[in-house]
Structures are given as C-alpha cells and as structure tokens.
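A.B. asks: Only the shape, not the letters, is given here:
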C-alpha cells in the first residue's frame, strides 16, 4: 500500500507573509510550506505548487477560477489550499459548488509563520490530516476544527471560524 | 449540533520536556498542551488530563494499564494520548487490543515544544484532526501520517514512523 | 560597591511593535523590555519608564524635548532610550547637544521582538553594556557597534547604521 | 577611522549545545556564533575561531593553556571567549593572570541558543560591547553585567554571576 499523495496549492495569505525590515511593511516572498513540512518532519508524499501570492482581500473571481481549475486538473484527489482567512469562505464556496469528487481542505493562519507565535504549523498539521481522512468535499480547517464549505463563516470580531446554522444555497 | 468533545491524555515524552538551566539536564514540569492549543487558536472542546509525566523508555505494563483504563473510563469517545516516541508503538498495541469502541490517537514529538524548532505543534494539530475524522480504532499520528496500531514501528535510525508489512498478532 | 543603576526610557519603535491578528496591521501595546531583560537573565539595577509608544517617523521636536527633559531629570546618570530606527539619529542629535553629563545610549531594532527573528535582544544587550562602560556622551548602539551622536546616519538602503566622516555641527 | 577588529574564540558550553532528536541528549556540532551575529545584524569586523567544543566541566588546565596561548598570539587586542558557565571563572582566572595587554571578555549562556528562549544573544551583544569599550583586562560578561576576573563567582543555586568581596590572589 502506497502513501496517499496530497497536492498543496499555495495562494498566499497571512500564512506566508514576511516582515520587510527596511520599510516596516508586510510582504510576500516565497512560501514557507516546505520549511513547515520539514519542521513537522512530514513524511507525506506532497507536491507543493504556488499559484499566486496574494492577500485574500485582493482575491477576485478570476483568481478563484484559477484555483478551481488547478484543483480539478490536479492528478491528486486530496488537496490543501493555503489561503488568507479574510475571504477563505468565499473561495471555499467557489470550490464547493464545482469540485465534488475531491477532498479539498482550505487552511491559513492568523499570524505569519515567520513571526514565531504562529498558528500556521498547527493548522497545516490539521489540514493535512483532514485531507487524508475526510470524504470528498470542500472544507475549511481552522482552529483545530473542520467546517463544510457551506456552513462556515469567519467571525470578524474574534478572528475565529464558526459553524453557521443556515446552509449557503448549494446550487 | 454541538462540537465533538476530545479528551487529551498526557503521559509525558519529549513533547513536554524542558531544559533545566541549573544543571543542563532535561526534565518534566507541567504539560505544554494547553499553551499549544492556545497557540493553535484551537476552538475544540477538549479536556486535558495529565496521567503521568515520564519518559516513554520508563513506561511499564502497569503504566499502560493505567492509560488503557483511563481511556475506557473517559466519557469522551475521541481521545488523544501524548506519549514519548520510543515506546509509542507498544502503548498503541496495549490500547489497540482492548479499546475498540473509541478513536484513540497517540502522538508525540521528536523535539521538545519549548525548544522552538519542535514538531510538536504540527503533530498535535494532525492528531486532533485524525481524532475527529477517523473511525474507531487505535492509531499513531506522527510525521503528518496516521498508522494503525498493529502496522507501525519507529525507525530508530531516522526517528520516523513507518508502516510495517506484517500485522502484529491481533489477538 | 553597589551595582550601577540604569534608566531605560521607552519611546516605541519597531522594537516594541506587535502584530494585530484581526486586521493584519502592526501596533503598539506594552513594552517588551522587562520580558527581554528577564530572557537575558539581566541582574542589572534598572528602572524602565515608558514615555511614549510611537513610530519614530511620527516623532516631533516636542516629543524629543520630552525625552531630553526626562533624561536630564532622571536620577540615573546612565540611560538607554529605545527608539525607532528611522529618526534615531535626529533624537540622538537633540539629546547630544544638551545632555552632556550623562551616558545616554539610543537603541532599537529592525525586526519587532515579538517576531522571533529580532535583533532586539542583541541590541539591548549591547546598549546596556555600552551604557555601563562608555564615558558621558550620547551614542547610538546598533549593529553591535556604537556611534557618537554627531557622526552617525542610518543607511536607508541597507538598514544599517554607519559612521559619517563629517560631524554634525556641535553647536 | 576603521572599525575595531574583534576575535571571537569559541570553546563550546551551553551556548552552542544542540538537541539530538534521535537519542534525546545534548551534543555539540558547529558553533552558532556566525548565525547569532547575522541575527543581531552585527557589522563589526570579527574573526570567529573554534578552538574546542566542550562542556566547561570537562575543561582542563591544558585546555586553558590552549585558550591563553591563542589569545596571546591573536592579532586582535579585543577578544571574546565563549565558554560554559560552570568553570568560566577558572578560565577567566587563568587568562587574567597572564593576558594583561588585551581586553578579553568571557561569555556564555544558561540556555542553548537553539532552544529559542536563550539568553545567548543578549550575552553576545553585551560581550561585544564590553570588548569594545572596556580597558585592557580579563572580564566575564553575564547577566547584563561585567565582572573583573578576580572578583567573580557563579552562584550555583541561582545560576547567576555575582561579585565577590575578596579578590583572588593576583599572583
């Protein structure tokens, strides 16, 4: 029995932000996912692919179509999408309506990985586990939990993800 | 629908070791699990219980019976056991033969959480996810993967867990 | 023989910036100086006083007069001023022209202390040492070096402090 | 005016210890001094030389003669010696009696640099500053302070260095 292959699709978000010490702003350079996998001593068979490196507030429908297309075309049936938390639920929705044969897990972080006190490593660990064990569908993995794409929202006040009572229309 | 309750049973292991700066040795004080859950911004309903604080090389059959009994008596049906990696597979076996109605996930770390470069946060994240999503049984969650209790061994040379071809007798 | 007393005057700067995980911006809360002194196991007799908590780009002449006045009025003759690096040389100049009886050392950081990879702890260690050992005068301690207030500038391209050949007018 | 050149003599000690994740013991590999200088954004002109990599409890008179000889023969007149804290005062004494023309500063750490919560970066920053600013003599730089070689001892109970009232015979 071979190890499950997982694709990790990188789109940016707080997860991968870095501090520019020359001007005091946050910016993107390369993804830290490989470094994080090494730190976690991961022995999973993964392929990491950086699709974009943007703040999720800048993510457009066009970006979401790119992500969806990439997920559909990937050889792997188990996929993780790293994503900013601000619009993670919208991207989950865009994927959830169209990608029904795969297990896709979106995750991110509230604090950049490079800042030491990040939740990113915890979230990546849980996202990889959910991607291996949940049945096909699109999920968000944050705060140690998983949420179905059509029953989740980010609480702007607490920064935490929570379940909604009403489903989004699953057209 | 309420959140799943998870019990976290702490037994010690590298996970929770600290450095004694007065004599340069490693020792146990309190578990870091609550601090790690806070860092991961976990919103899971968990109850943490420290059963023992020992190096897993010192774990005896008696200790294992204590862990088993605690797992069987816990109200929760989803349980994580933090454990040293050296004899994790033996404890998994002791639990695997007797605790068949619950999802029990053993996890640990190669580097103490307090040492900064630890794999512990990643492992805890994945263990919590597996505990929520795997069907009843006893598993080890390490290296981003999960292993059935009777098909796993630690490779002493690499420090990694790997699947064995032959099952341990499942008496 | 008693230990030398040192006053640490906190004014903000990158040193003390934190990351607001709810909106992704940097902000000030409390100073980290006491935490840093504890980490460094400092046994110096210090008194920490937060005068302001601002980005040094926002520092005005009025702020500088407040700092100067505080330094002059302090009981201690050895003083450290934590300060943003962008206008550290201007504040050094303001102090250098007026505070000639005390050893005043300005220091700061390129990366916030809370971000893990900060130069702050190194700089604080060197500033405290310079404050104990240099003769009266106003200095900047950055990059492991010390600079006289009227012979220093920050190189905006590299983020490093360097000696200037020409003195500022020492009126 | 050129920058002062400083020699950094590495002898091991807690400073440079690492955790062996395969057997849970502490060991020495390479010195972290260059990495620490980079983190501190040091722009000092230094030359780092590893003389030995040992626990200071294992340091013999022979080792101390090697260090002394190296200090005397170095081109630089300002020298830092990284050293375990347990016998730092003995090595300071061995150097103090014989190396009177140079400014030599011994420093170390209570917690290994690699463990995240180390005092090492703070100590290195202060040692470099003292090496630049103190007059010729042999000193220990720990806990933010400096001590003359013949007036210092490590308090075994607190792990802190403190001044002694009586001088060691300065033969």
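C.D. replies: Ah, there it is. Remember, predicted model here, so these are calculated numbers, not experimental data. Residues are numbered from 1 along each chain as shown, chains lettered A, B, ... in the order given.

A.B. asks: In chain A, what residue comes closest to chain C?
C.D. replies: Nearest to chain C in chain A, going by Cβ to the nearest Cβ, is residue A:116, at a distance of 2.7 Å. Yep, even glycine has a C-beta here, placed from its N, CA and C like the rest.

A.B. asks: Excluding chain neighbours, give the residue nearest to that residue in space.
C.D. replies: Among residues not flanking residue A:116 along the chain, residue C:116 sits closest, at 2.7 Å (Cβ to Cβ, 6 or more residues apart in numbering or on different chains).

A.B. asks: And for residue A:52?
C.D. replies: Nearest to residue A:52 is residue A:11, by Cβ to Cβ, 6+ apart, at 5.2 Å.

A.B. asks: One more: residue A:111?
C.D. replies: Using Cβ to Cβ, 6+ apart, the nearest residue to residue A:111 is residue A:118, at 4.3 Å.

A.B. asks: mind listing the helices for chain A?
C.D. replies: A:33-39, A:61-73, A:88-96, A:120-133 (DSSP state H).

A.B. asks: what about the last one, near chain C?
C.D. replies: Looking back up the chat, that one is helix A:120-133. No. Shown here: helix A:120-133 not in contact with chain C (Cβ under 8 Å from any Cβ of the partner chain), separated by at least 11.5 Å.

A.B. asks: And the residue nearest to residue A:163 when sequence neighbours are not counted, how far from residue A:13?
C.D. replies: Nearest residue to residue A:163, sequence neighbours excluded (Cβ to Cβ, 6+ apart): residue A:151, at 5.5 Å. From residue A:151 across to residue A:13, the span is 21 Å (Cβ to Cβ, to the nearest Å).

A.B. asks: The two: who's more crowded?
C.D. replies: Per other Cβ atoms under 10 Å in any protein chain shown, whichever of residue A:151 and residue A:13 has more neighbours is residue A:13, with 29 against 17.

A.B. asks: And that one, how far from chain B?
C.D. replies: Distance of residue A:13 to chain B, computed by Cβ to the nearest Cβ, to the nearest Å: 15 Å.

A.B. asks: residue contacts, that residue?
C.D. replies: Contacts for residue A:13 (Cβ atoms under 8 Å, 6 or more residues apart in numbering or on different chains) come out as A:55, A:56, A:82, A:83, A:84, A:85, A:88, A:108, A:109.

A.B. asks: Kindly report the same for residue A:67.
C.D. replies: Residue A:67 makes contact with A:9, A:11, A:51, A:81, A:91, A:94, A:95, according to Cβ under 8 Å, 6+ apart.

A.B. asks: neighbours around the second one, how many?
C.D. replies: In other words, residue A:11. Counted by other Cβ under 10 Å, the residues lying close to residue A:11 total 28.

A.B. asks: Verify the contact between it and residue A:55 for me.
C.D. replies: No. Between residue A:11 and residue A:55 there is no contact under Cβ atoms under 8 Å: 9.9 Å.

A.B. asks: who touches both of those two?
C.D. replies: Common neighbours of residue A:11 and residue A:55 (Cβ under 8 Å, 6+ apart) are residue A:84.

A.B. asks: May I have the beta-bridge partners of residue A:106?
C.D. replies: Counting by DSSP bridges, residue A:106 forms beta bridges with residue A:81, residue A:140.

A.B. asks: what's the pLDDT at it?
C.D. replies: If you check residue A:106, the pLDDT there is 98.

A.B. asks: Any idea how far the lengthiest strand in chain A is from the middle of the chain?
C.D. replies: Looking across chain A with DSSP state E, the single longest strand is strand A:45-54. Taking Cα atoms, centre = their mean, to the nearest Å, one finds strand A:45-54 lying 10 Å from the centre of the chain it belongs to.

A.B. asks: Quick one: residues in contact with it.
C.D. replies: Contacts of strand A:45-54 (Cβ under 8 Å, 6+ apart): A:2-12, A:16, A:28, A:30-31, A:33-34, A:37, A:63, A:66-67, A:70, A:76, A:84, A:128.

A.B. asks: For ChimeraX, write the select line for the buried members of the residues you listed.
C.D. replies: The ChimeraX selection below is limited to those of those classed as buried (16 or more other Cβ atoms under 10 Å in any protein chain shown):
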select /A:4,6,7,8,9,10,11,12,16,28,31,33,37,63,66,67,70,76,84,128
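
A.B. asks: Once you drop chain neighbours, what's closest to the residue of chain A positioned farthest from its centre?
C.D. replies: Ranking residues of chain A by C-alpha distance from their mean position (Cα atoms, centre = their mean) puts residue A:22 at the top, at 29.1 Å. Among residues not flanking residue A:22 along the chain, residue C:159 sits closest, at 5.1 Å (Cβ to Cβ, 6+ apart).

A.B. asks: Just name the closest of the contacts of residue A:67 to residue B:133, please.
C.D. replies: Closest to residue B:133 out of those is residue A:81 (18.0 Å), distances taken as Cβ to Cβ.

A.B. asks: ok, now which ones touch the closest one?
C.D. replies: Counting by Cβ under 8 Å, 6+ apart, residue A:81 touches A:9, A:11, A:67, A:71, A:91, A:95, A:104, A:105, A:106, A:107.

A.B. asks: Return the closest of these with respect to chain D.
C.D. replies: residue A:107 (24.4 Å).

A.B. asks: Surely that closest one is in contact with residue A:139?
C.D. replies: No. Contact criterion Cβ under 8 Å: residue A:107 and residue A:139 do not qualify, at 9.1 Å.

A.B. asks: neighbour count winner among these two?
C.D. replies: Ranked by neighbour count (other Cβ under 10 Å), residue A:107 and residue A:139 place residue A:107 first, with 30 against 26.

A.B. asks: that older thread, give the burial count for the residue nearest to residue A:111, as a bare number.
C.D. replies: Neighbour count for residue A:118, taken as other Cβ under 10 Å: 26.

A.B. asks: With the one 4 residues further on instead?
C.D. replies: For residue A:122, the count of nearby residues is 30 (other Cβ under 10 Å).

A.B. asks: what separates it from residue B:30, distance-wise?
C.D. replies: Distance, residue A:122 to residue B:30, using Cβ to Cβ: 20 Å.

A.B. asks: Pull the number of nearby residues for the residue of chain A found nearest chain D.
C.D. replies: With Cβ to the nearest Cβ as the measure, residue A:116 is the residue of chain A nearest to chain D, at 8.3 Å. Counted with other Cβ under 10 Å, residues neighbouring residue A:116 total 16.

A.B. asks: looking at it, it is touching residue C:118, isn't it?
C.D. replies: No. With contact defined as Cβ under 8 Å, residue A:116 does not reach residue C:118; the gap is 9.0 Å.

A.B. asks: Count the neighbours of residue A:165 for me.
C.D. replies: By other Cβ under 10 Å, the residues close to residue A:165 number 6.

A.B. asks: mind checking the backbone torsions on it?
C.D. replies: Main-chain torsions, residue A:165, degrees, to the nearest 10: phi -80, psi -40.

A.B. asks: What parts of chain A come near chain B?
C.D. replies: A:1, A:3, A:36-37, A:39-44, A:110, A:117-119, A:121-130, A:132-134, A:141-146, A:159-163.

A.B. asks: Buried among those? Make that a ChimeraX selection.
C.D. replies: Buried subset of the residues of chain A next to chain B, written as a ChimeraX selection, criterion 16+ other Cβ under 10 Å:
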select /A:36,37,39,40,41,42,43,44,110,118,119,121,122,123,124,125,126,127,128,129,130,132,133,134,141,142,143,144,145,146,159,160,161,162
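
A.B. asks: burial measure for the residue nearest to residue A:91 when sequence neighbours are not counted, as a count.
C.D. replies: Excluding the flanking residues, the one nearest residue A:91 by Cβ to Cβ, 6+ apart is residue A:64, at 5.4 Å. The number of residues packed near residue A:64 is 19, by other Cβ under 10 Å.

A.B. asks: thought residue A:64 was touching residue A:97?
C.D. replies: No. The pair residue A:64 / residue A:97 is not scored as a contact, 10.6 Å apart, by Cβ under 8 Å.
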